[in-house]
Every structure is written in structure tokens, then in C-alpha cells.
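Chemist: Following is a predicted model, sequence given first.
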Protein chains: 2
Amino acid sequence: MSLSHAILGLLSVQPMTGYDLKNRAFDHSVTHFWQADQSQIYRTLGKMEETGWLTYELERQDDRPNRKVYHLTDSGRAELDRWLRTEQPLPANREPFLVQLFFGATLPNETLLALLDQQKAAHEAQLALFAEIPMPPIDDPQIERMRTLRRLTLQLGVTIEKSYLTWLAECTAVVATLPHSPEE
Amino acid sequence: MSLSHAILGLLSVQPMTGYDLKNRAFDHSVTHFWQADQSQIYRTLGKMEETGWLTYELERQDDRPNRKVYHLTDSGRAELDRWLRTEQPLPANREPFLVQLFFGATLPNETLLALLDQQKAAHEAQLALFAEIPMPPIDDPQIERMRTLRRLTLQLGVTIEKSYLTWLAECTAVVATLPHSPEE
DNA sequence: TATTCATATAGGACATTGCATATATATTTG
DNA sequence: CAAATATATATGCAATGTCCTATATGAATA
């Protein structure tokens, strides 16, 4: 369960509710390296609490549903520290679009170009999303260390997205000059 | 089920057994954009056959277990063609190592450097694997089209891996010059 | 000679993820 | 005034993916 370790990290910086984890954290500040479904977040919080990594304070609200503000227990903190030092395997690469391109020789050029265009739009949207990711502010030496590491992760996200866009442009150029396939 | 479309693509080029799909295709020629577990492949082949996208010839062997050589039906060919034209969403990015780096401010520099080193080794291994991916030979105009598209997918894989390595070197340089964290 | 490797298929159990839906209320937008 | 959006948590169910084990035999390796 790797989502739980992302959650441990997030809650170690700041106690939060499931709602905040989804809307602030996973959809914004860490979207370049982790995404999570809302239902999965709540279920994982539940399991982590059972395991003893988390507890929560119930904040009663009259106008809105009550909030469960989760924070790490000592056990959670220990697990985070242990995990942070553990070598991680590379994630599996599974790219539906590359499957299409690899097996797309039977498609007409126009179809390939349309698919390339759509991927371009998708990667541009990603890049725009990354551009909005906030960096931690203040210049406290401890925060500076954190900030440096965060900047590095964001740099990778941006670099990769730019590589995709460059590659997509190259693909478009190549496909545009390709003789049409026999079937056309 | 996206694995089934990768399988449709592979079998459209050449009828194969589950064993071949795993050992030749997924572990080698398409490893840069799709990986699959052996058991998942066999199970998916079973489902695809039920759905009517595939059938197989049973090749009896005396010394080894019999082979089921799968090939596409008309229905499978139609499904592949339909899917190849369908816009695909970007895959979710989930990178355990970036989680570590993002939340790794409490780790000593040495630990961070060791993790960076291990990731470097992993990405170098990936690149080495990609270098062994065979390109389709012969210069038939129809095959040339296929070859061009395949070369493009491989180019992306190589580009991305190189971006990672460049970034990892940058990270190593930055972390090496980082003041040690207060706890140390 | 014992062990591992290659060939070949398959099921059990579980973890992870994704999509839809339910509940409840306040505010904002059309 | 109706509909959508924001706040907040939660369940059902299916698809997808991972790990382990089982079965069977020949060839190569230690």
C-alpha cells in the first residue's frame, strides 16, 4: 500500500481531513507524482487508523458535516521514517497512447495526427497544472531544505512533460511526411 | 481492460502463445510502454477468447506441454481497429521515489544520496534493456511504416530515461551541497 | 546427482484502483 | 427559483494488477 505512505508524508507536514487530502494535496501539490481517488483516500485513512498509524480529532460543525482531522501517531511517524529510507522500485510504465502508436501502422495519417494532437493538448494541460503547484514559502533553514527537495520533484515533472511535448512535435513532423498507408 | 488491447496489437502482428507474449513481447519488445504479469496474461487471454476476440490452435507436443497459439478473430480485428482510433487519457503518474524525495527533508544527506544512487542504477538498467529492443527488419513499404512508428515509441522511452538520469545527476549535485539537517 | 533453467498453462488470494452513488447543508451561479 | 458548486464522509462493486503456488518434462549447469 503505497498510497498510505504518501498520506503519511502529507500528514507529517500538516494534519488534515480526507477532504483536504484530496482537494488540496492530491489534486494540487503532489499531483505531479501521485494521484488518488477520493473513495480510496477515505478507505485508506480508515485502514491506517486501524493499523495505528493515525488518529483524528473530530471537529464539530453546525453548518457542514463534521471534520475528522487526522494526524500521525508515533507509530505512524516511525513507519514513515522507515519507509523513506527503503529503496523503491521504478513504477511500471503503461502508456495506452504508445500502444496505439506502436500498432498504428494500419491507421491513416490523419487519424494518427489527430491522436497526436489530443495527446499534445493533454500534456499541455498537465504542464499548466504543474505551473500552479505552490512552493512552500518562508525562509527558515529547515523549510529551505524541504523547499529544495520539493523544487527538485517539480523540476522532474516539468522536464518530463516538456520531453513529451518535444517528442510529440517530432512525431507529428514524421507522421506528416509519411507516405499514406496502402489501405487508404 | 487495457492489457487486452496491447495483446490484440501483438497478436495482430503475429499469432503467439501466452508464454511467447510474456517472454518475447512484454518482457522485451514492448517493455518500454507496457508490462504484464504472466498470470494476468493467461487470464486475459481466457477472457478475450470468451468475448470472441481470439481463438487458438492447439499444437500438440510430446516432450513439452501443448501450446495454445492464439490469433485474432474478425471481431478482435474490428475491436483493435476501433480502439486504435480512440483518444486515450494520460496514465496516472505514481512515483514512490518522488514521494520519498518530496518528504525526505528529515533524512540525512547520505541517505538521500544513497537513494538517488539506487534510482540511477535502476534507470540505467532500464536504458540498457531498451537498447536491446529489436526493430522490425526488412524494407517492405508497409513494414517501413510500422518500423517508423515503433522507432518513435522507442525514442520516447530512451528520451525519458535519459531525462531521468540527467535529473538524478542534478539532484545528487544539489543534495551533496545541502547543509546537513538539524537532527544530524 | 541435485539444482536450476527453459518450456507451457493455470488458479487462489489479495492489493490497488476506478467509477458510481448516497447523505446532508450552505452558498453561488444562471 | 432551479441548478450547480463547495464542504465533508462513506459504501458497493467491478476492473486491474501482483504474488505465490501447482503441474509436467527435458536440458543444462554446478
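Modeler: That came through fine. Please read these numbers as outputs of a predicted model, since none were measured by experiment.
Chemist: how about the top helix by length along chain A: buried residues?
Modeler: Longest helix in chain A by number of residues, with DSSP state H as the criterion: helix A:141-176. Neighbour-count burial for helix A:141-176 flags A:145-150, A:152-161, A:163-165, A:167-168, A:171-172, A:174-175 (criterion: 16 or more other C-beta atoms under 10 Å in any protein chain shown). No exception for glycine: its C-beta is placed from N, CA and C like everyone else's.
Chemist: any idea of the pLDDT on A:Tyr42?
Modeler: Listed pLDDT for A:Tyr42 reads 97.
Chemist: so it touches A:Tyr19, yeah?
Modeler: No. The criterion here is C-beta atoms under 8 Å, and A:Tyr42 misses it with A:Tyr19 at 9.0 Å.
Chemist: pLDDT below threshold where in chain A?
Modeler: Scanning chain A for pLDDT under 70 picks out A:136-141, A:181-184.
Chemist: residues from it in reach of DNA strand D?
Modeler: A:17-20, A:23, A:38-39, A:42-43, A:45-46, A:61, A:64-69, A:92, A:94 (C-beta under 7 Å from any atom of the strand).
Chemist: thinking again about what came up before, what helices and strands are in contact with the longest helix of chain A?
Modeler: In terms of contacts (3 or more C-beta pairs under 8 Å, 6 or more residues apart in numbering or on different chains; DSSP states H and E), helix A:141-176 is packed against helix A:109-131, helix B:96-102, helix B:141-176.
Chemist: Which one of these lies nearest to B:Leu54?
Modeler: Closest of the helices and strands packed on helix A:141-176 to B:Leu54 is helix B:141-176, at 21.3 Å (criterion: C-beta to C-beta).
Chemist: Mind checking if stretch A:79-96 is in reach of DNA strand C?
Modeler: No. Using C-beta under 7 Å from any atom of the strand, stretch A:79-96 stays clear of DNA strand C, with a minimum separation of 8.8 Å.
Chemist: Contacts (any at all) between chain B and that stretch?
Modeler: Yes. Judged by C-beta under 8 Å from any C-beta of the partner chain, stretch A:79-96 and chain B are in contact via A:80-81, A:83-85, A:87-96.
Chemist: which pair in these spans the largest distance?
Modeler: A:Asp81 and A:Pro96 (36.8 Å).
Chemist: More neighbours: these two, which one.
Modeler: Counted by other C-beta atoms under 10 Å in any protein chain shown, A:Asp81 and A:Pro96 do not tie: A:Pro96 has more neighbours, with 18 against 13.
Chemist: List the contacts of the residue in chain A that DNA strand C sits nearest to.
Modeler: Minimum separation of chain A from DNA strand C (C-beta to the nearest atom of the strand) falls at A:Met1, amounting to 3.0 Å. By C-beta atoms under 8 Å, 6 or more residues apart in numbering or on different chains, the residues touching A:Met1 are A:Thr44, A:Lys47.
Chemist: which one is A:Arg85 nearest to, not counting chain neighbours?
Modeler: Leaving aside its sequence neighbours, A:Arg85 sits nearest to B:Thr111 (C-beta to C-beta, 6 or more residues apart in numbering or on different chains; 5.6 Å).
Chemist: Just to check, A:Glu95 is in contact with B:Trp34?
Modeler: Yes. Counting by C-beta under 8 Å, A:Glu95 does reach B:Trp34; the two are 7.3 Å apart.
Chemist: More neighbours: those two, which one.
Modeler: Higher neighbour count among A:Glu95 and B:Trp34: B:Trp34, with 24 against 20, using other C-beta under 10 Å.
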